[in-house]
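# Model the structure of this input:
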Amino acid sequence: MEENYREIKKAEPCLKLINMDQVEVEKIDWLLYPFIPYGKVTIIQGDPGEGKTTVVLQMIAKLTKGEAILRDTTAEETKGEPINVIYQTAEDGLGDTIKPRLLAAGADCSRVMVIDDRDQPLTMVDARLEEAIIQTKARLVVLDPIQGFLGSGIDMHRANEIRPLMKRVAVLAEKYHCAIILIGHMNKNSNGKSSYRGLGSIDFQAAARSVLIVGRVKDEPEVRVICHVKSSLAPEGKSIAFRLDKERGFQWIGEYDINVDDLLSGDGRGQKIRSAKDFLKEILENGAVEQAKIAEEAEERGIKKKTLWNAKKELQIDSVKIGNKWFWMLQEE
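Predicted coordinates:
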């Protein structure tokens with residue numbers, strides 16, 4: 001009995017304690033503040049066809065040239081050095097879809113790498129992923145979509161099977177101080193909270209430090225919005241919109257006054273921006289009006305300043321300085 005006790009004691013791990021007084025505070029670096037941190041995992045979700053892949057490829061194009069991603073918006077951002085990117089897709093063709101989109105976005109394709117997994121499908125725990133990060137010194141890794149890299153036999157609804165996968169990519173992100181973006185489709189549940197509409201186990205989102213949702217604005221199919229639904233390292237960022245249409249292609253719009261639940265449920269989708277547009281058309285129909293008067297009237301009607309300016313940009317309203325005051329007028333005038 002005593003010998004068995006000694007064996008049990010010997011098998012137990014040695015207790016190690018970490019005193020928080022000895023832990024150094026680490027500064028968070030950002031690929032895009034406050035949406036995508038370096039050294040962490042970010043998830044971007046949305047229904048099929050809403051522009052998730054397109055917006056990520058637009059980001060990649062800017063990053064490979066060292067340009068600010070959102071330079072046409074008011075988001076806090078600075079330019080940096082060009083970076084290398086690993087982009088893995090399990091859905092789209094490289095030659096007929098991905099490269100044409102990168103070229104159209106102006107990317108430096110020499111900085112975008114793809115792991116050749118035609119003989120052996122890549123998974124989130126594949127050793128080749130770490131080898132590629134080391135070899136390319138990539139600062140951004142994208143897996144598109146999540147479910148394409150789980151591996152055979154993995155049930156994405158089982159927490160005990162998903163946790164090790166998410167732990168693995170989180171360790172890689174931290175070890176090599178790179179940003180890892182996992183792109184995922186939403187499920188069809190229209191009644192649940194946004195955090196439960198991601199495919200599979202909630203542990204996907206639990207392990208990510210930032211979660212973004214991309215959705216289409218009702219009655220304005222060209223306008224898509226990125227909503228920040230989880231942010232563990234900074235205050236949640238304001239929703240940002242972009243436009244996708246055949247004539248003008250991709251274009252950032254800027255901050256957009258809509259929350260994720262309205263975006264996903266359809267309640268109030270685009271209503272605020274439409275109301276602001278109608279207001280501007282009404283107040284400017286007889287000619288130029290002083291900017292201060294427009295802002296005052298908009299505030300009385302409950303139209304937020306950012307929504308007003310988004311509507312101005314959408315309508316392409318001109319600003320003209322007369323004396324020491326600014327006036328707005330519709331372009332046709």
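
# Residue 309 should be in a strand, yeah?
No: when DSSP: H, G, I helix; E, B strand; the rest coil is applied, residue 309 is found to be helix, with no strand at that position.

# any idea which helix or strand carries residue 165?
helix 159-176 (DSSP states H and E).

# tell me what that helix is packed against?
When contacts are defined as 3 or more CB pairs under 8 Å, 6 or more residues apart in numbering; DSSP states H and E, helix 159-176 sits against strand 41-46, helix 127-136, strand 140-144, strand 179-185, helix 203-207. Yep, even glycine has a C-beta here, placed from its N, CA and C like the rest.

# what comes up buried for that helix?
Buried residues in helix 159-176, counted by 16 or more other CB atoms under 10 Å: 161, 162, 165, 166, 168, 169, 170, 172, 173, 176.

# can you pull out the strands in the stretch 151-300 of the chain?
Taking DSSP state E, counting those that start in this stretch, the strands of the stretch 151-300 of the chain run over residues 179-185, 210-217, 220-231, 240-245, 249-255, 289-290.

# for these, which one sits closest to residue 328?
Between residue 328 and these, the shortest separation by CB to CB is 6.0 Å, and it involves strand 289-290.

# got a list of contacts for the closest one?
Contacts with strand 289-290, where a contact means CB atoms under 8 Å, 6 or more residues apart in numbering, come from 283, 325, 326, 327, 328, 329.

# Help me confirm that the first one comes into contact with residue 296.
Right, the one you point to is residue 283. No: between residue 283 and residue 296 no contact is recorded; they are 10.8 Å apart, counting by CB atoms under 8 Å.

# The two: which has the busier surroundings?
For the pair residue 283 and residue 296, the greater number of neighbours falls to residue 283 (14 against 10), based on other CB atoms under 10 Å.

# and the residue nearest to the more buried one when sequence neighbours are not counted, what are its bridge partners?
The shortest distance from residue 283 to any residue other than its chain neighbours is 5.7 Å, reached at residue 289 (CB to CB, 6 or more residues apart in numbering). For residue 289, the residues forming beta bridges with it (DSSP bridges) are residue 328.

# Can you pull the poorly scored residue ranges out of this structure?
Low-confidence segments of the chain, defined by pLDDT under 70, span residues 1-11, 71-79, 188-201, 266-271, 332-333.
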